[in-house]
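S.K.: quick check, what structure comes out for this input:
(2 chains)
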Amino acid sequence: MAFESLTDKLQNVFKNLRSKGRLTEDDVKAALKEVKMALLEADVNFKVVKQFVKSVEERAVGADVMNGLNPGQMVIKIVNEEMVSLMGSETTELTFQPGKAITVIMMCGLQGAGKTTTTAKIAGKLKQKGKKSLLVACDVYRPAAIKQLQVNAEKQNVDVFSMGDKHKPVDIAKAAIEHAEKNGHNVVILDTAGRLQIDEAMMAELQEIKEKVTVHQTLLVVDAMTGQDAVNIAKEFDEKIGLDGVVLTKMDGDTRGGAALSVKAVTGKPIIYVGMGEKLSDLEQFYPDRMAGRILGMGDVLSLIEKVQIDVDEDKEKQMAAKMKKGKFDFEDYLESMNQMKKMGGLSYILGMMPGMGAKMGDIESMVDDKQLSRMEAIVLSMTQAERQNPKLLNPSRKHRIAKGAGVDISVVNRFIKQFEQSQKMMKQLPGMLGGKGKKGRGGFPGGFKLPF
Amino acid sequence: MSEEKLGFFGRLKQGLTKTRNNIVNGIDSVFSGFSNIDDDFYEELEEILIMGDIGINATTSILDRLKEQVREQHIKEPSQCKELLIQSIKDQMHVESTAYDFEKEQSVVMVIGVNGVGKTTSVGKLAGILKNDGRKVLLAAADTFRAAAGEQLTEWANRAGVDIIGGAEGSDPASVIYDAVNAAKARNVDVLLCDTAGRLHNKKNLMEELRKMNRIIDKEFSGVHRENLVVLDGTTGQNALQQAREFGEVADLTGIILTKMDGTAKGGIAVAIQSELNVPVKYIGVGETIEDLQKFDSDDFVNALFNVHGEAESGME
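M.R.: Numbering: from 1, shown residues only, chains lettered A, B, ... in the order given. Reported below is the predicted structural model:
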């Protein structure tokens, strides 16, 4: 883990404080110093941080500390609420023209933000919704940009309109819309070249497209790793071109993504999608409340749950959920879930998304390194079918055999089985969590998962 | 030729000026707007440094050292403080005289980094520069993942007039490297430039793939001058440090290419990276054409960053 979580830091700040009942000014100031550091580490723009910390301070000083919370947790609660209200509390969807009318979407942003990839990803997403998209290659500058769009579009099975690199983007856009009208497309997505916001000539090119062509949605594609400059980028694009929404890319990295807050604070425009990987299916809805947690370093447990839901094969998930409810999670399922876990990017990735893991991460990582996992797998594979399905069969002599088969000490087998029993208990509580899709607030988790605030 | 030369410096200056203006304007107003060195003064400095993406940690240590020096040397004037701050950042930026030896020797340069930072473009530009210097250059298109990455590099190879070894989309990049290394040996190439696929530094498998490619070069081409350059986007914030750190884990970094420095981003992350990881910035990208990849000189850079325009310009000409 790159960062000690804010939760842990605040826990330390307040360790020696005994303030009960009300938050004093000193308490709040001490806590907000840490909040400020966390936000700056997360690349939130300095001015945005200053403003934000001020508004939290005003709210927090003198606030009652709620029952069951310590002062640190109370501050985090307020910080989180303020952050969510700043990020916007609802998800925003793209809007479309009514009926058969064509919706024109224009993508813009800096070089390398991920416009072309995102264009293809959005087309795929819209296809699922029954839209017929036409992707338009308006990047006539970067070598092979057109080819990249064509290859990605082919993978998504959507149409591309290109006139090569010898025409002006605005003419390509116009011709594309005519083409779309004739061929029954109802969404046209213009993939434009990357440009710096201070490049007047290039910005004028986008302005010209917007003048000559009716663009319904202009989306700014922003790299989630962008630093302090995010405010300048967003402001200039918004002022010169006019934005309707934002797509945040490369969120599958380990950046805290403070740029999201900066962009939102400067433009007030909603973030619509988040790019979460290199596969063309890796585009997700944006959930402001989860982003707030991530920027603050408070984990992203809700996103994790969603990821679990999507990646897990649906039929298997149903079977497994049924088993879990009955507490009949056996070693076969354990193997299955290990495979699922590998698909999701490994255990440390998942743990990294859990809140409050910061401090314990070291322990956990040493406990569950990859070798350990494959050893556990070996243990399970050394069991008979019957043993896997009915762990109760495991008597000492069977355990000895398994230990030999897996090439480990008997104590390892014992420990593993004990851990398994514990996780079995935990699994019984999982259905409540998995069923809670879209549920607001984090208080809804069963007692087994203690949240940091 | 002289016109081209002018363009070269003009471009560098132009690129840097955009970078410089913001910090310089800020710094100047701070130094002139305060008559005393007090907390407000330091806070203002902190803001400028952080706004330049230098990062909270590097900023704190720069300011701590500044405060100490101010105390020790009984400095009262904010303008004296300016000199100290410049020196202080120079110290942080200082690295062993940056080696561009690989440009002269037989070498293999692997260019790595996260997605969209400008690896392919940088490789293309570097190929052009080295070719102009009379070196025999070969490109390895080991980005077999991103759609049309190979075509993009081929276009650059054509522009530069150098050969390229590629693989089909989806093929094993390590095999491309293997082929390229052997081709480089057979054709007696001076510099082999390897373009790799963008990968986020927290993707374990992709990082292992890179480790493998690095190993293959070591094994197949022992004794050659090795250069692993990580490309970092100048607009990236604190994550760039983490990127440099993680890429350094799988392949020993010998330098950084800092791109997109012609925007309003201030590139302060270079200060943080040099001070924390001691990996020198070797090139900066300040535009889209082949001449827009410049050798990085940390001293000049810091001077340019802090000097008022007149001084900087005369120093540059």
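S.K.: buried set for whichever helix or strand residue A:207 is part of?
M.R.: Using DSSP states H and E, residue A:207 maps to helix A:200-212. By neighbour count on 16 or more other CB atoms under 10 Å in any protein chain shown, the buried set for helix A:200-212 is A:202, A:203, A:205, A:206, A:209, A:210. (Each C-beta comes from the backbone N, C-alpha and C, glycine too.)
S.K.: tell me which residues touch the nearest residue to residue B:65 once chain neighbours are set aside, please.
M.R.: Nearest non-adjacent residue to residue B:65, counting by CB to CB, 6 or more residues apart in numbering or on different chains: residue B:88, 5.5 Å away. For residue B:88, the contacting residues are B:62, B:65, B:66, B:69, by CB atoms under 8 Å, 6 or more residues apart in numbering or on different chains.
S.K.: in which helix or strand does residue B:88 reside?
M.R.: helix B:78-93.
S.K.: buried residues in that helix?
M.R.: Applying 16+ other CB under 10 Å to helix B:78-93 flags B:78, B:81, B:82, B:84, B:85, B:86, B:88, B:89, B:90, B:92, B:93 as buried.
S.K.: could you export the residues you listed to JSON lines, including columns for pLDDT?
M.R.: Listed next are these as JSON lines, based on pLDDT from 0 to 100:
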{"residue": "B:78", "pLDDT": "84"}
{"residue": "B:81", "pLDDT": "86"}
{"residue": "B:82", "pLDDT": "77"}
{"residue": "B:84", "pLDDT": "85"}
{"residue": "B:85", "pLDDT": "86"}
{"residue": "B:86", "pLDDT": "79"}
{"residue": "B:88", "pLDDT": "75"}
{"residue": "B:89", "pLDDT": "79"}
{"residue": "B:90", "pLDDT": "74"}
{"residue": "B:92", "pLDDT": "68"}
{"residue": "B:93", "pLDDT": "71"}
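S.K.: output these as TSV; include the columns distance to residue A:160.
M.R.: Formatted as TSV, the buried residues of helix B:78-93 follow (distance: CB to CB, whole Å):
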residue	distance to residue A:160
B:78	58
B:81	58
B:82	55
B:84	58
B:85	53
B:86	52
B:88	53
B:89	48
B:90	51
B:92	48
B:93	46
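S.K.: for chain A, just list every one of the strands.
M.R.: A:103-109, A:133-138, A:159-161, A:187-192, A:217-223, A:245-249, A:271-275, A:283-285 (DSSP state E).
S.K.: dump these to JSON lines, plus mean neighbour count, distance to residue B:116 and mean pLDDT.
M.R.: What follows is the strands of chain A, written out as JSON lines (neighbours: other CB atoms under 10 Å in any protein chain shown; distance: least, CB to CB, whole Å; pLDDT from 0 to 100):
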{"stretch": "strand A:103-109", "mean neighbour count": "25", "distance to residue B:116": "10", "mean pLDDT": "97"}
{"stretch": "strand A:133-138", "mean neighbour count": "28", "distance to residue B:116": "18", "mean pLDDT": "97"}
{"stretch": "strand A:159-161", "mean neighbour count": "21", "distance to residue B:116": "21", "mean pLDDT": "97"}
{"stretch": "strand A:187-192", "mean neighbour count": "28", "distance to residue B:116": "14", "mean pLDDT": "97"}
{"stretch": "strand A:217-223", "mean neighbour count": "26", "distance to residue B:116": "7", "mean pLDDT": "97"}
{"stretch": "strand A:245-249", "mean neighbour count": "25", "distance to residue B:116": "8", "mean pLDDT": "96"}
{"stretch": "strand A:271-275", "mean neighbour count": "24", "distance to residue B:116": "11", "mean pLDDT": "95"}
{"stretch": "strand A:283-285", "mean neighbour count": "18", "distance to residue B:116": "16", "mean pLDDT": "92"}
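S.K.: which one of those lies closest to chain B?
M.R.: Closest approach to chain B among those (CB to the nearest CB): strand A:217-223, 6.6 Å.
S.K.: same for the closest one, what does it pack against?
M.R.: strand A:103-109, helix A:230-240, strand A:245-249, helix A:259-267 (3 or more CB pairs under 8 Å, 6 or more residues apart in numbering or on different chains; DSSP states H and E).
S.K.: quick one, it and helix A:200-212 angle?
M.R.: Counting by axes from the mean of the first three to the mean of the last three CA atoms, to 10 degrees, strand A:217-223 lies at 150 degrees to helix A:200-212.
S.K.: now strand A:217-223: how far from the chain's centre is it?
M.R.: How far strand A:217-223 lies from its chain's middle: 17 Å, per CA atoms, centre = their mean, to the nearest Å.
S.K.: partners of that strand in the sheet?
M.R.: strand A:103-109 (parallel), strand A:245-249 (parallel) (DSSP bridges).
S.K.: before we move on, the earlier item: nearest to residue B:211 among the buried residues of helix A:200-212?
M.R.: Checking the buried residues of helix A:200-212 against residue B:211 by CB to CB gives residue A:202 as the nearest, at 38.3 Å.
S.K.: coming back round to it: can you lay out the helices and strands packed on strand A:217-223 as a markdown table showing distance to residue B:213?
M.R.: Shown next, in a markdown table, are those (distance: least, CB to CB, whole Å):
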| stretch | distance to residue B:213 |
| --- | --- |
| strand A:103-109 | 30 |
| helix A:230-240 | 32 |
| strand A:245-249 | 25 |
| helix A:259-267 | 31 |
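S.K.: nearest to residue A:164, out of those?
M.R.: That would be strand A:103-109 among the helices and strands packed on strand A:217-223, by CB to CB, at 19.4 Å.
S.K.: got a list of contacts for that closest one?
M.R.: A:94-97, A:115, A:118-119, A:122, A:177, A:186-192, A:194-195, A:206, A:209-210, A:213-222, A:233, A:237, A:241, A:247.
S.K.: hmm, try it at 7 Å
M.R.: A:96-97, A:115, A:118-119, A:177, A:186-192, A:194, A:206, A:209, A:213-222, A:237, A:241 (CB atoms under 7 Å, 6 or more residues apart in numbering or on different chains).
S.K.: ok, now which ones touch residue 149?
M.R.: I went with chain A, as the question did not name one. Counted by CB under 7 Å, 6+ apart, residue A:149 has contacts A:116, A:119, A:120, A:135, A:137, A:160, A:191.
S.K.: wrong one, I was asking about chain B
M.R.: Neighbours of residue B:149 in contact, by CB under 7 Å, 6+ apart: B:120, B:141, B:143, B:197.
S.K.: can you tell me which of these end up in strands?
M.R.: residue B:141.
S.K.: from the contacts of residue B:149, which land in helices?
M.R.: residue B:120 (DSSP state H).
S.K.: ok, the contacts of residue B:149 vs residue B:261, which is closest?
M.R.: Of the contacts of residue B:149, the one sitting nearest to residue B:261 (CB to CB) turns out to be residue B:120, at 17.5 Å.
S.K.: care to break the chain down by domain?
M.R.: Since no chain was named, I'll use chain A. A:6-87, A:103-298, A:305-434 (automatic domain parsing).
S.K.: please refer instead to chain B.
M.R.: Using automatic domain parsing, chain B is parsed into the domains B:2-96+B:306-316, B:101-296.
S.K.: among those, which is nearest residue A:384?
M.R.: Per CB to CB, nearest to residue A:384 of the domains of chain B: domain B:101-296, 32.6 Å.
S.K.: gap between the two ends of that closest one?
M.R.: By CA to CA, to the nearest Å, the extent of domain B:101-296 from end to end equals 14 Å.
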